[in-house]
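Asks: whatever this is, show me its structure:
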Amino acid sequence: MSSKTEILEAPLDSLFLDARNPRLGRRNIEKNLNQEQVLDLMKDWGLEELAVSILESGFWPQEALIAVKEPVGKAKQSSLVVVEGNRRLAALKMLQLVKAGEEKSAKWQKIVEGYKPAAFARLKQIPYILEPSRESVQSYLGFRHVTGIKEWNATEKAQFIAHLIEVDNLTYDQVRKRIGSRANAVRQNYISYRLLLQLDDQSDHTDSYEIEKVEDRFSVLYLSLRTEGVQTYLDINIEADPKTALKPVPKAKLKALENFARWLFGTKKVDPVVSDSRQVDEFGRILESPAAVDYLERNERPSFAVARRIAGVAESEVAEHLERAADEIEEALKAVHQHKGSKRVITAVTRLGLDAKQLLKIFPSLKEMIEAGDE
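Replies: Model prediction:
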């Protein structure tokens, strides 16, 4: 934000909701919605509690909206467009509609019950801070909503980062500094967003997946790109610069991209193979196995458990458990002789002995080798 912090006031009708607010979603932003349409979308944003708070306490100067001057819709003249504080502004506009008799829902009628005219009178002039442009307030918005206390959802964050890169021509590092993030997180957000757009373009030519499901689970898409298996299967360069990342997946891998989206997000008729975001890392390891990939590609309704078994993911986990246990036992052996009388130690050794006995039943050939090693 600029160094000016002068708080101004304006009538409610002079303040406009932001039709480019990232929370509206990229599809709605592209429609260039009018004010009524924007407000209609925002009705589900939990405005009721804000409205009650405003009626109870008024609109405090420290809650001043942040606005810029720019044309609204097809108008040529500039108006005050609120770029920070849209939920508060929407709550105010809903109260105004109720008071004017234009909003008749029982829910909103109940909200205003019992409030005297004075509660509405003090909302005629709304405090705001005027910024010279959207660019001047981007650092503040980035910190507040991307890395700060009132975070946007995953898609909204990535969209904001993409705007900084593509419209403002910032580098990954410059975006990092502006929003207070890490360079690799900025880069992964941008490449993930470009992948979403590529999937959107590709969805016009296939019914292998629903782009709405991809967008709703964008965080899963983002997480998947950190795995080597996904990067290799789609031939994505996670270190790509913005120009290279415009189309993250090469043409030769577009069929693989369809498969990837179907397995990760499902279709109208088939559930995704990956049903839980906690499975994303294992999904990446599955894609590292040619045999598991072949299984996934051959079956219309593949099973995550079967693919996991084919890829040997379970085998790897068992080995890791045993390796950690062996490391811990070797560490304990250094000092266990000093605690032969400890009941706790004796109980632990008993458990260990029974477990070791069970393991040797599973691997009988190892028993002879181990016993021979003691001689």
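
Asks: residue 238 in helix, strand or coil?
Replies: For residue 238, the assignment made with DSSP: H, G, I helix; E, B strand; the rest coil gives coil.

Asks: point out where the stretch 51-200 of the chain drops to low pLDDT.
Replies: Residue ranges of the stretch 51-200 of the chain with pLDDT under 70: 142-151.

Asks: let's see that with 80 instead.
Replies: Along the stretch 51-200 of the chain, segments meeting pLDDT under 80 span 57, 59-63, 136, 138-152, 179-180.

Asks: so which residues of the stretch 101-250 of the chain form strands?
Replies: 125-131 (DSSP state E, counting those that start in this stretch).

Asks: tell me which element residue 66 falls in.
Replies: According to DSSP states H and E, residue 66 maps onto strand 65-71.

Asks: and that strand, how far out from the chain middle?
Replies: 27 Å (CA atoms, centre = their mean, to the nearest Å).

Asks: buried residues in that strand, which are they?
Replies: Of the residues in strand 65-71, 65, 66, 67, 68, 70 count as buried by neighbour count, 16 or more other CB atoms under 10 Å. Backbone N, C-alpha and C define where each C-beta goes, glycine included.

Asks: likewise for stretch 318-334?
Replies: Buried, per 16+ other CB under 10 Å, within stretch 318-334: nothing.

Asks: for it, what is the average pLDDT?
Replies: On average, the pLDDT along stretch 318-334 is 89.

Asks: burial of residue 25, as a residue count?
Replies: Counted by other CB atoms under 10 Å, the residues lying close to residue 25 total 16.

Asks: spatially nearest residue to it (excluding sequence neighbours)?
Replies: residue 155 (7.1 Å; CB to CB, 6 or more residues apart in numbering).

Asks: show me the contacts for the one you found.
Replies: Residue 155 makes contact with 25, 26, 193, 196, 215, 218, according to CB atoms under 8 Å, 6 or more residues apart in numbering.

Asks: make JSON lines from the residues you listed and add distance to residue 358 to it.
Replies: Rendered in JSON lines, the data for the contacts of residue 155 read as follows (distance: CB to CB, whole Å):
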{"residue": "25", "distance to residue 358": "55"}
{"residue": "26", "distance to residue 358": "56"}
{"residue": "193", "distance to residue 358": "50"}
{"residue": "196", "distance to residue 358": "49"}
{"residue": "215", "distance to residue 358": "49"}
{"residue": "218", "distance to residue 358": "45"}
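
Asks: so which of those residues is the most crowded?
Replies: Result: residue 193 is most packed of the contacts of residue 155 (other CB under 10 Å), 27 neighbours.

Asks: which helix or strand contains residue 271?
Replies: Using DSSP H and E, no helix or strand contains residue 271.

Asks: measure it to residue 194 for me?
Replies: Distance, residue 271 to residue 194, by CB to CB, to the nearest Å: 27 Å.

Asks: equivalent analysis for residue 214, please.
Replies: According to CB to CB, residue 214 stands 13 Å off from residue 194.

Asks: name the nearest residue to the residue positioned nearest the centre of the chain, ignoring sequence neighbours.
Replies: Centroid-nearest residue in the chain: residue 154, 2.5 Å away (criterion: CA atoms, centre = their mean). Distances taken as CB to CB, 6+ apart place residue 219 nearest to residue 154, at 4.0 Å, with adjacent residues excluded.

Asks: closest one to residue 304 out of the contacts of residue 155, please.
Replies: residue 218 (20.5 Å; CB to CB).

Asks: and the closest one, how far from residue 200?
Replies: Taking CB to CB, one finds residue 218 at 12 Å from residue 200.

Asks: next one: residue 346
Replies: Taking CB to CB, one finds residue 346 at 63 Å from residue 200.

Asks: what's the neighbour count on residue 72?
Replies: 16.

Asks: now do the contacts for the residue nearest to residue 14 when sequence neighbours are not counted.
Replies: Leaving aside its sequence neighbours, residue 14 sits nearest to residue 80 (CB to CB, 6+ apart; 5.7 Å). Applying CB under 8 Å, 6+ apart to residue 80 gives the contacts 10, 14, 15, 16, 67, 68, 69, 128, 130.

Asks: got a markdown table for those, with distance to residue 266 too?
Replies: Below are those laid out as a markdown table (distance: CB to CB, whole Å):
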| residue | distance to residue 266 |
| --- | --- |
| 10 | 47 |
| 14 | 47 |
| 15 | 42 |
| 16 | 39 |
| 67 | 42 |
| 68 | 41 |
| 69 | 45 |
| 128 | 44 |
| 130 | 47 |
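
Asks: residue 42: which of these is nearest?
Replies: After measuring the contacts of residue 80 against residue 42 - CB to CB - the closest member comes out as residue 16, at 12.8 Å.

Asks: how many neighbouring residues does that closest one have?
Replies: Based on other CB under 10 Å, the number of other residues close to residue 16 is 21.

Asks: then residue 350?
Replies: Around residue 350 there are 10 residues (other CB under 10 Å).

Asks: for it, give its distance to residue 201.
Replies: From residue 350 to residue 201 the distance is 63 Å (CB to CB).

Asks: now swap in residue 271 and tell me
Replies: The value you get for residue 271 to residue 201, if CB to CB is used, is 25 Å.

Asks: tell me how the chain divides into domains.
Replies: By the record's domain assignment, the chain is partitioned as 8-132, 154-313, 338-375 (automatic domain parsing).
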